[in-house]
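**Q** Following is a predicted model, sequence given first.
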Amino acid sequence: MTFAPGNLIAGRFAAGIALALGLGQMAAADTLTIYSGRGEALVAPLIAQFEAETGIKTDVRYGSTSEMAALLQEEGTNSPADLFWAQDAGALGALAPVFAALPATENEKVLEVFRDPSNKWVATSGRTRVLVYSTERVEPANLPAKITDLTDAKYKGRVSWAPTNGGFQAFVTAFRLTHGDEAAKAWLEGMIANDAKVYKNNGTQIDAVAAGEVDFALVNNYYLGRYTAKDAEFPVDQTNFEAGDIGNLVLVAGVGIVEASDNKENAQKFIDYLLSPAAQQFISLQGYEYPVTPGVIPHATLESLDAVQAISPKVDVNQIGDLEGTLALLREVGLL
Amino acid sequence: MSSAALLELRQLSRRFGPGQAAVEDLSLDLSAGEILALIGPSGCGKTTTLRMVAGFETPDQGAVRLSGRDITALAPERRGIGMVFQDYALFPHMTVAQNVLFGAVDRAPATAARYLEMVGLVDYAGRYPDELSGGQQQRVALARTFAAGPGVILLDEPFSNLDASLRARTRREIRALLKATGIGILFVTHDQEEALSFADRVAVMENGRLLQCGPAAEVYDRPANAFVAGFLGRTNLITGDASGETCDTVLGQITLEHPASGQVGLSVRPERIAIRAAEARETPQGRISAVEFKGHDLTYWVSCQGVEIQVDQMGGPRLMEGAPVVLTVAGAVAAFG
Amino acid sequence: MTGIATSGRAGRRPRPQLALLLAAGLVGVGTCLPALYLVIRAFGAEPAQLAEIVFRARNLMLLGNTLALVALVLAIGTLIALPMAWLVTRSDLRARGLVTFLMALPLAVPGYVMAYALLGLSGYYGFAREWFGVSLPPLHGLWGAALSLSLYTFPYIFLNLRAAFLGMDPGLEESAASLGRGRAEVMRHVVLPQLKPALISAWLVVGLYVIGDFGAIALMRYEVFSYAIYTQYAGAFDRTYAAWLSLMLLGVAALALFAQARLTRSRRFARVGTGVQRRVRPVRLGYWAVAAWGWILLVSLAALGLPLAVLGHWMRRGIGEIDWAMLAQAAVNSGIAGAVVAVLTVALALPVVLLTLRWPGRFASLTDRLAWMGYATPPLAFGLAMVFFTLAVIPFAYQSHGVLIFAWVMTFLALALGPLRLALMQIGMRPEEAARALGAGPGAAFARVTAPQLKGPMVAAGLLVFIAVVKELPLNWMLAPTGWRSLSTTVFGRTVEGMMTEAAPYALAIIVFSAFFVGLILKYEGVDRKESGRG
């Protein structure tokens, strides 16, 4: 029996604290620190390849794009991050103040439709907004031509959306820029009046279509491929609206260099790597997304890039980053 | 006597919140080798007094002195006062021997054996408290306290957790043990029989105040007031008209210990009254209203001019209910205001 | 009676030791930081925008939804936990040890897994359809959220009630029965009032968790404060409105704490009387045992079977390659972090409990309340507050383990308070007084006499914290050193991209890992004097 367990325990605590504090500062200065809003399953193989090719060591911090964005906002000029790889342009736009300007020609490396005119970030992959529908309950003839058709009574209670999703919000911003705030508001209210069902994100919407909760869903294009790849019988398909319709909006995931970084050179090398044909090919194959650089073959389940460019509406991608008005509008109609 | 006192309590007061004080202006002395019982009904402040002596309560006023040293503000562990708790408070995670050695100055295993020997539990050294009977637990608690070598030991209701059958024997054994050590003992009880049989002196408390303190027999025979008389054993509380050495009562004329005059209160113990059947021409003092047969003795309830008087009788002829009787009080009786 | 002057030390007990005050101060500071940060952020808004934010009708809707969800989760949780606690402590049910383990085990299930499990029940790929061919109506909204939350939080209520049943003097029930009361009446008039403090403190643990949780709620699409807060950060990158919502949420939590204090005021929860506590004579169930087992089976299937089935289901759809080295590394990291946090949390919780029990008063109860506030603070707000203050005050410690551990300790401190408080109340002051009468100083008396008896409850409290840390996600994401991985970040790193099948093995690892420690909790919980002494 020990007669002074108190001291013993106290000693262990002290040692524990010392250990805990000491372990924190292991990241060396020349290590590239990446904040990733994209999932580890997609990112990790690319990182490993990058490290192998360049010999640059990296530390990756995984999280959801929103948490990472909030973190970067909070860190500001003290951020230890060198790079932020985000899931959507909304987050990238919101973080423009903490990003450094990229080399002037950087955005010219990617296809025009994916470019950021402010040159604060560069796209790493592209997606489009699409309409998915149930192959069991929807006749192809009954597919809407325009996204504004969905407020029609024949779609009442049959359509789902995800108002908190970055992709959806970017779409609403584009809607406002193209058709004006009044029209956007009218459409949102029409959808609400038409009993549009609210879901958390793209995946849950596709699940809902398959399960028969709804017949149509407004989502990004690259989710359905993951289902059909594993299940050829999956009773869901996707389609576009007519050419030029705002519902066919093109969106991006992208990466920016943090202004506070003291390792911008290596950060640039990482961006160069992400835009390399090998990396682009991997992203497209693994994630069912569009490559952003010319000459890379998209995943077989995707439409051709030419087709995408042909039907996509003409919107200034950078303006999509300006979310304030959209959020105010979404709050006003009661969706946020 | 106060110069020889081991423990002195001087005008202790303790109040919990507004209202009646738990203890008020209490002074007591305890000599080495003496056993003093603090007795009173529950809530009279006796346990608070004990805790002030032990150091678990700080008095609002007054002082506690041990061997002439003021220990009022001293932490419990520095007082050299041992305490045996009502529930014994043995440490459940330690063996009997570990318990005994807890406060011992000399922590050699032999020490534990020595003190356990004292309480007759030397074979139980390796057991845990929950493997012992109540009486054994109590003796371990005592041994543990002895081993710490205190000058004074406080006992809080020491026998209340024991079976009635065990109690008398344990009490005798422990009294012999305590007497042999020569340590001063202050103990708290609400059981008057325990106080009288165990203590050298008895201090009776009521509502936080000390009513009377003296040798057990003295307090028994000469209670300071009706409360003390009634609290210590069964008694007949009667009033009488005193003039000088004698006093007229329902029991007839009684001799007083000290001369008095006017209305006085008297406590006449049932065993002090002799009872016999009234003879044919005699005027009886009362009639037997009830008989309580207790084996080796009898208690009669006698109705005397509307007052019920208890009388104990050890032997002699047994009387029947309704019988007219004559009562006589043996010896002188002490009167109180 | 003003005439009686009391001396300087009138009625005063010795002051609490400096170490206790320091610990309490640390708790106070640590848990106040988030609130301070939120106030800074909240008042960063323009006055006009501010008024618009604060007085939005939507806030009322969020409040209503939050309260409804809390009420429903507590109701379902109690409905499960109360009969179970009674069955394992008072009835002659067989295999009570097994039932106890099964009822504590859902603690090991992460909230998002439980939500996925319920969602997985319905839907196109749901096993209800795949196995039985029926497409169930989807569990969404209030009921879905309430069910998924209650199915993995009810063990807190169960463990609290079980401890209360075990600590309750069976003599009370027997004497009530001997006074001619029927079993139901004894339950209502004697047992339930006795259980009230334990029940209310369990409700506090679960209720505050529900108020702050976001993982399950997001999947169930039920709009409560925490969901709205997350949406503001996530969709809107709007820290001002999020800060206001967080402050409102803290207001709700403060109200809950106030209510709890009112409800349990002046209630004592210690066995009075002395002597050895007897074992209760178990109530014979007879045919009711069938109903009992039915209920046990249903709850086990829902709380354990479903999550395991959904994980198995995902894995059947194809297991990606499992990186065993990475899994092991993540498990080791989670284990070490959880252990360090558990030890520190218990070390800090002990002074807080000692303070509230032995030096009750404003300071003590404030410290206690603040510990609970730390627990109720939305993790996202807590994380950002830590980022803010670390960068402002100790930038060198940014993204160090130290800050992450500190945040975890402050968040989970409240979990350790309950078990320690109950144990200390059951041990009481008497053994320490006896030790002091035997010459031990206050510190030594505590260390040698009370602490050894506290060992079991301390380990149990530490394990509760440990499991919470292993499952925790948002703080982990925001504060962990870059590149450091834990089990939970590894799981979520996969679900983010919708790669459920890849995530399943790691989620299973969390459950198995935590399940082991749940078993240990049961071993150490409660003041089992014999065992804690000789263990």
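**A** Everything's here; your move. Numbers count the residues shown, from 1 in each chain, chains lettered A, B, ... in the order given.
**Q** From B:A113, how far off is the one residue in the stretch 151-300 of chain B that gets nearest to chain A?
**A** Taking Cβ to the nearest Cβ, chain A has its nearest neighbour within the stretch 151-300 of chain B at B:I153, 24.6 Å off. All C-beta atoms are positioned from the backbone trio N, CA, C, and that covers glycine. According to Cβ to Cβ, to the nearest Å, B:I153 stands 21 Å off from B:A113.
**Q** before we move on, what about C:L415?
**A** 46 Å.
**Q** next one: C:P307
**A** 59 Å.
**Q** Compute the number of surrounding residues for the closest residue to A:Y223 other than its chain neighbours.
**A** With Cβ to Cβ, 6 or more residues apart in numbering or on different chains as the criterion, A:Y223 has its nearest non-adjacent residue at 4.7 Å, and that residue is A:N202. By the criterion of other Cβ atoms under 10 Å in any protein chain shown, A:N202 has 24 neighbours.
**Q** higher neighbour count, B:I153 and B:A113?
**A** A count of neighbours by other Cβ under 10 Å puts B:I153 above the other of B:I153 and B:A113, at 23 against 14.
**Q** Please look at that one and B:I174 and confirm they touch.
**A** No. Applying Cβ atoms under 8 Å as the test, B:I153 and B:I174 come out as separate, 10.7 Å apart.
**Q** For the residue in the stretch 151-300 of chain A positioned nearest to chain B, grab the count of nearby residues.
**A** Minimum separation of the stretch 151-300 of chain A from chain B (Cβ to the nearest Cβ) falls at A:K200, amounting to 52.2 Å. Residues within reach of A:K200, counting by other Cβ under 10 Å, total 18.
**Q** pLDDT score for it?
**A** The model reports A:K200 with a pLDDT of 76.
**Q** Regarding A:T239, what are the backbone dihedral angles?
**A** Main-chain torsions, A:T239, degrees, to the nearest 10: phi -150, psi 170.
**Q** And C:L72, by the same measure?
**A** phi -70, psi -40.
**Q** residues contacting it?
**A** C:L72 is in contact with C:142-143, C:146, C:150, counting by Cβ atoms under 8 Å, 6 or more residues apart in numbering or on different chains.
**Q** what do you get if the cut-off is 7 Å, keeping everything else the same?
**A** C:L72 makes contact with C:142, C:146, according to Cβ atoms under 7 Å, 6 or more residues apart in numbering or on different chains.
**Q** and what of C:L38?
**A** Going by Cβ under 7 Å, 6+ apart, C:L38 touches C:243, C:246-247, C:381.
**Q** Nearest to A:L330, out of those: which one, please.
**A** Nearest to A:L330 out of the contacts of C:L38 is C:A243 (Cβ to Cβ; 19.0 Å).
**Q** shaky segments in chain A?
**A** Across chain A, residues meeting the criterion (pLDDT under 70) sit at A:1-29, A:316-324.
**Q** hey, where'd the helices end up in it?
**A** Ranges of helices within chain A are A:5-24, A:40-54, A:65-75, A:89-94, A:166-179, A:181-193, A:202-211, A:224-230, A:264-274, A:277-287, A:305-311, A:317-320, A:324-332, based on DSSP state H.
**Q** closest one to C:L420 among those?
**A** Nearest to C:L420, of all the helices of chain A, is helix A:5-24, at 14.2 Å by Cβ to Cβ.
**Q** and C:L159, how many neighbours does it have?
**A** If you count neighbours by other Cβ under 10 Å, C:L159 ends up with 28.
**Q** So which elements touch the helix or strand in which B:S289 is found?
**A** Using DSSP states H and E, B:S289 falls within strand B:286-293. If contacts are counted by 3 or more Cβ pairs under 7 Å, 6 or more residues apart in numbering or on different chains; DSSP states H and E, strand B:286-293 sits against strand B:298-304, strand B:324-329.
**Q** want to throw the ones you listed into a markdown table with mean pLDDT?
**A** Shown next, in a markdown table, are the helices and strands packed on strand B:286-293 (pLDDT from 0 to 100):
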| stretch | mean pLDDT |
| --- | --- |
| strand B:298-304 | 90 |
| strand B:324-329 | 89 |
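**Q** Out of those, which is the most enclosed?
**A** Highest mean neighbour count of the helices and strands packed on strand B:286-293: strand B:298-304, a mean of 20 (counted as mean count of other Cβ atoms under 10 Å in any protein chain shown).
**Q** Contacts for stretch B:47-59 next, please.
**A** Residues contacting stretch B:47-59 (Cβ under 7 Å, 6+ apart): B:9, B:12-14, B:22-23, B:26, B:38, B:64, B:72, B:74-76, B:79, B:81, B:83, B:154, B:156, B:186, B:188, C:9, C:12, C:433, C:437.
**Q** from the middle of its chain, how far away would stretch C:350-368 be?
**A** How far stretch C:350-368 lies from its chain's middle: 20 Å, per Cα atoms, centre = their mean, to the nearest Å.
**Q** Now do the buried residues in it.
**A** C:350-356, C:359, C:363-364, C:367-368 (16 or more other Cβ atoms under 10 Å in any protein chain shown).
**Q** what two of those residues have the greatest distance between them?
**A** Applying Cβ to Cβ across the buried residues of stretch C:350-368, the maximum distance is between C:L350 and C:F363, 16.6 Å.
**Q** Next to chain A in this structure, residues from chain B, please.
**A** B:Q98 (Cβ under 7 Å from any Cβ of the partner chain).
**Q** Would you tell me which strand is longest in chain B?
**A** Longest strand in chain B, counting residues (DSSP state E): strand B:252-268.
**Q** on that earlier part again, run through who's touching the strand holding B:S289.
**A** B:298-304, B:308-309, B:319, B:321-325.
**Q** if I read this right, A:L251 contacts A:Q169, doesn't it?
**A** No. A:L251 lies out of contact with A:Q169 (Cβ atoms under 7 Å); the separation is 10.4 Å.
**Q** Give me the more crowded residue out of these two.
**A** Higher neighbour count among A:L251 and A:Q169: A:L251, with 28 against 25, using other Cβ under 10 Å.
**Q** Can you tell me how far the residue nearest to C:L247 when sequence neighbours are not counted is from B:V311?
**A** Leaving aside its sequence neighbours, C:L247 sits nearest to C:L38 (Cβ to Cβ, 6+ apart; 5.2 Å). Separation of C:L38 from B:V311 (Cβ to Cβ): 84 Å.
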